[in-house]
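Peer 1: Sequence first, predicted coordinates after that:
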Amino acid sequence: MAVPKKAEARAATLRAAITKYRTLYHEQDVSPISEEALDSLKIELARLEEQYPELVTPTSPTQVVAGKPMPELKKVRHAAPQWSFNDAFTEDEVRAFDERVKKLSGRAQSYDLELKIDGLKIVFTYEKGKLVLAATRGDGIVGEDVTHNVRTIRSVPQALSRPVDLVAEGEVYLSRAGFEKLNKERAKEGLPLFANPRNAAAGSIRQLDPKIAAERPLGAFLYDLAQTSEPFPETQSDELAYLAGLGLPVNPEHKHADSLDAVFAYWEKWKGPSRGRLDYQLDGVVLKVESRRAQELLGYTGKAPRFGIAYKFPPEQVETVLEDIALQVGRTGKLTPVAHLRPVSVAGSTVARATLHNEDFIKEKDIRVGDTVILQKAGDVIPEIVQVIPELRPKSAKPWRFPTHSPLCGGKGSIERVPGEAAHRCVVSGSFEQQARKLIHFAGKSALDIDGLGKETVRTLMEHELVSEFDDFFELTKDELLALEGFEELKTENLLAALRAARKVSFDRVLIALGIPHVGEENAYLIATNFGTLAALGKASAEKLSAIEGIGPVIGASVADWFADHGNRELLARLVKHLKIQKISAPLRGALSGKTVVVTGTLPTLSREEAEALVRKAGGKASGSVSKKTAFVVAGENPGSKYENAKKLGVEIISEAAFFKRIKA
């Protein structure tokens, strides 16, 4: 299968951007983007390469270890090659890793679970129990000699409890409290702040002057034994106990796991509040096969061990693509631009949109449609765009300008910028209520019939700037709803379930929901059965629509005008991504062919919509008014004026039970 040019170009730009950011991160301790956002870029590249193996290159970031030694520091060749773990972000990816381990080792394995400290990897070498060398990982083969700085870390012993020769690996980190204190001091001195504790730790260790490292509260945990002059421990847990027995600092928070359920429970524990109680930064849990013999059997790939994997916590920052910018209208008529995004999981939930606040915010960050952006959740609830990744910007991306009009506000010239403010608003008053009515109709019984989306709920969602257009309903998240007053767990789950159910909808119901002027249930049914798909309908002329029996020139022109509007087409393109539209066919000649039927009042078992659908299925026409052409009226309790009109005109009136007999005749 040929690789699409779009995928090939995306992979090339991803490789270049990742390589640039990894070089800055590992070699200069600089982070233009967060480590989580960098992980997100690497995930996208890995998935592209998995889908199209032809895109894999020998120098791809997915194939090589990052980092080169600094020229100022002495270079050392590692006694044992250094690796980095592959990452997993979902339970399915961990299960796939476990299946690979079973297949390659020939049986199920147990695991040692260790906290993944976000620091700087260091390789420690002891000879006859004395620390002789501490080196950075570098490119995995050659690292930097940073012994002079590591000797200043109080928790790292200069001598072991026994005169053993060994090479061990671990992580040097800066405590959270130390990081905050260090940045406060740098701010006072007018120095640039460190982006995170990992960069601060790396910046401390990769200095020529050991006084700098000595002044900073650095710590270390060792977690792997590469070489020893004594017998090797038989398991990973024993290995950690062995290192601790020599007086080396080992993180006490590790656990044996005989099942994936135990793995996931441990991960959940440290993903939650327990994580915040530690004075060092975590970004996941590392799974290592317990058996040393199995580890040796499984071996390594070009850059990572096959016997271990890093199960990362849900990222608080991710990258995604901004696909469109739409407007939301508030109760006062204020307009807010909203980014519609390629759906992405951030902080544990899927996000497909984020507020862009106002025109000045968009200009300041130079946000454009088509951009790859970094997204995070403010306060763990509200998604926001942090920055643009300019290296991944398509050449066709153009600066965004606030429109001068919108269907939310009315015709041309319907939008103005508020004098002296960054905000824009609708010139026409009442735009909020006008849009609220459209959204209420969209969710109503005659349209998508979304249970739980009544008038007040729709207005509440609009007031909190969560919905303004039809597609916004389907992008609501659990976090957003739970943050609203009155939305407890059950109500939230019920609404989300109703929205999922509403995605499967018949073509005629979609046409009703769009609120096209003059298009009611009967007309929508006629149009849907004549055109079959939205694509076909979108190309239809007013003349072709008008030619349909029962439609006529007024309705035909209204439908054609709606589909000709650029804003409506953009809205529809976003909406259909969320829907599974069911095609409906014109009925065969049935019991009510050629007959017009009116339904009125409250029927014993059927809603009016259900009864009218049965009329159409039987080949008849459901009408909203009684005339001499009406074949009969189906009446229930409290029938009202239609019942009286039928009596005056001598039109037959029947019950629901009689109606069932007619359509089965």
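Peer 2: Thanks, I have the structure now.
Peer 1: which residues in the stretch 101-250 of the chain form strands?
Peer 2: Assigned strands in the stretch 101-250 of the chain, in chain order: 111-117, 120-127, 130-136, 142-144, 166-174, 218-228 (criterion: DSSP state E, counting those that start in this stretch).
Peer 1: List the buried residues of the third one.
Peer 2: When burial is assessed from 16 or more other CB atoms under 10 Å, strand 130-136 yields the following buried residues: 131, 133-136. All C-beta spots, glycine's among them, are computed from the backbone N, C-alpha and C.
Peer 1: Can you lay out those as TSV showing distance to A339 and pLDDT?
Peer 2: Below are the buried residues of strand 130-136 laid out as TSV (distance: CB to CB, whole Å; pLDDT from 0 to 100):
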residue	distance to A339	pLDDT
L131	52	95
L133	50	95
A134	46	93
A135	45	93
T136	39	89
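Peer 1: Dump the residues you listed into JSON lines; add distance to F97 as well.
Peer 2: Shown next, in JSON lines, are the buried residues of strand 130-136 (distance: CB to CB, whole Å):
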{"residue": "L131", "distance to F97": "35"}
{"residue": "L133", "distance to F97": "33"}
{"residue": "A134", "distance to F97": "31"}
{"residue": "A135", "distance to F97": "29"}
{"residue": "T136", "distance to F97": "27"}
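Peer 1: of those residues, closest to V554?
Peer 2: Among the buried residues of strand 130-136, T136 lies closest to V554 (CB to CB), at 76.2 Å.
Peer 1: what are the bridge partners for the closest one, then?
Peer 2: Per DSSP bridges, the residues bridged to T136 are I122.
Peer 1: so which of the strands of the stretch 101-250 of the chain comes closest to T57?
Peer 2: Among the strands of the stretch 101-250 of the chain, strand 142-144 sits nearest to T57 (CB to CB), with 22.2 Å.
Peer 1: and that closest one, average pLDDT?
Peer 2: Averaged across strand 142-144, pLDDT comes to 88.
Peer 1: what's the domain layout of this protein?
Peer 2: Domain segmentation of the chain under automatic domain parsing yields 5-55, 75-312, 317-426, 505-582, 596-664.
Peer 1: Tabulate the ones you listed in JSON lines, adding columns for distance to K438.
Peer 2: What follows is the domains of the chain, written out as JSON lines (distance: least, CB to CB, whole Å):
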{"stretch": "domain 5-55", "distance to K438": "35"}
{"stretch": "domain 75-312", "distance to K438": "38"}
{"stretch": "domain 317-426", "distance to K438": "9"}
{"stretch": "domain 505-582", "distance to K438": "5"}
{"stretch": "domain 596-664", "distance to K438": "19"}
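Peer 1: what's the closest of the ones you listed to Q434?
Peer 2: Closest of the domains of the chain to Q434 is domain 317-426, at 8.1 Å (criterion: CB to CB).
Peer 1: Ends of that closest one, what's the gap?
Peer 2: Domain 317-426 stretches 34 Å from its first residue to its last (CA to CA, to the nearest Å).
Peer 1: what's the answer for stretch 470-490, then?
Peer 2: Start-to-end, stretch 470-490 (CA to CA) is 24 Å.
Peer 1: and if you look at stretch 559-575?
Peer 2: End-to-end distance of stretch 559-575: 18 Å, with CA to CA as the criterion.
Peer 1: And for stretch 443-460?
Peer 2: End-to-end distance of stretch 443-460 (CA to CA): 14 Å.
Peer 1: what sits up against it?
Peer 2: With CB atoms under 8 Å, 6 or more residues apart in numbering as the test, stretch 443-460 has contacts from 436, 439-442, 467, 473, 484, 486, 491, 494-495, 498-499, 502, 505, 509-510, 512-513, 521, 607, 609.
Peer 1: in stretch 93-112, what counts as buried?
Peer 2: 93-94, 97-98, 101, 105, 109-112.
Peer 1: what's the spacing between that stretch and its chain's center?
Peer 2: Computed by CA atoms, centre = their mean, to the nearest Å, the chain-centroid distance of stretch 93-112 equals 28 Å.
Peer 1: quick one: average confidence on it?
Peer 2: Averaging pLDDT along stretch 93-112 yields 96.
Peer 1: what comes into contact with it?
Peer 2: Applying CB under 8 Å, 6+ apart, the contact partners of stretch 93-112 are 88, 235-237, 240, 254-258, 260, 263-264, 287-291, 294, 297-298, 306-307, 309, 311.
Peer 1: do the same with stretch 40-59
Peer 2: By CB under 8 Å, 6+ apart, stretch 40-59 touches 1, 3, 7-8, 10-11, 14-15, 17-19, 21, 60-64, 87, 89, 315, 317-320, 344, 389.
Peer 1: Generate a PyMOL selection restricted to the buried subset of those residues.
Peer 2: This is how PyMOL selects the buried members of these, with burial counted by 16+ other CB under 10 Å:
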select buried, resi 10+11+14+15+17+18+21+60+61+62+64+87+89+315+317+318+319+320+344+389
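Peer 1: So which of the contacts of stretch 40-59 belong to strands?
Peer 2: Of the positions in the contacts of stretch 40-59, 87, 317-320, 344 sit in strands, assigned by DSSP state E.
Peer 1: And the residues you listed, which is closest to K334?
Peer 2: Distances from K334 to the ones in strands among the contacts of stretch 40-59, taken as CB to CB, are shortest for T320 (26.4 Å).
Peer 1: Pretty sure that closest one sits against V373.
Peer 2: Yes - using CB atoms under 8 Å, T320 is in contact with V373, at 6.5 Å.
Peer 1: Give the intersection of the neighbour lists for those two.
Peer 2: Residues touching both T320 and V373 by CB under 8 Å, 6+ apart: L341.
Peer 1: Quick check: which ranges of the stretch 401-550 of the chain have low pLDDT?
Peer 2: Counting by pLDDT under 70, the stretch 401-550 of the chain shows low-confidence ranges at 411-413, 429.
Peer 1: would you list every one of the helices in it?
Peer 2: Remark: helices assigned in the stretch 401-550 of the chain by DSSP state H, counting those that start in this stretch are 431-443, 455-463, 478-482, 489-502, 507-513, 521-531, 534-538, 542-546.
Peer 1: and the gap between the spatially closest residue to E127 that is not a sequence neighbour and P231?
Peer 2: Distance criterion CB to CB, 6 or more residues apart in numbering; nearest residue to E127, sequence neighbours excluded, is D165 at 5.4 Å. Here D165 is placed at a distance of 13 Å from P231 (CB to CB, to the nearest Å).
Peer 1: Please apply the same query to L115.
Peer 2: Between L115 and P231 the computed distance is 27 Å (CB to CB).
Peer 1: so I653, which of the three states?
Peer 2: Assigned with DSSP: H, G, I helix; E, B strand; the rest coil, I653 falls in the strand class.
Peer 1: ok, now which ones touch it?
Peer 2: Residues in contact with I653 (CB under 8 Å, 6+ apart) are 632-633, 635, 643, 646-647.
Peer 1: What score does it have for pLDDT?
Peer 2: I653 is given a pLDDT of 91.
Peer 1: Now do the same for the most centrally placed residue in the chain: its pLDDT.
Peer 2: Residue closest to the average C-alpha location in the chain (CA atoms, centre = their mean): V344, at 1.8 Å. V344 is assigned 86 on the pLDDT scale.
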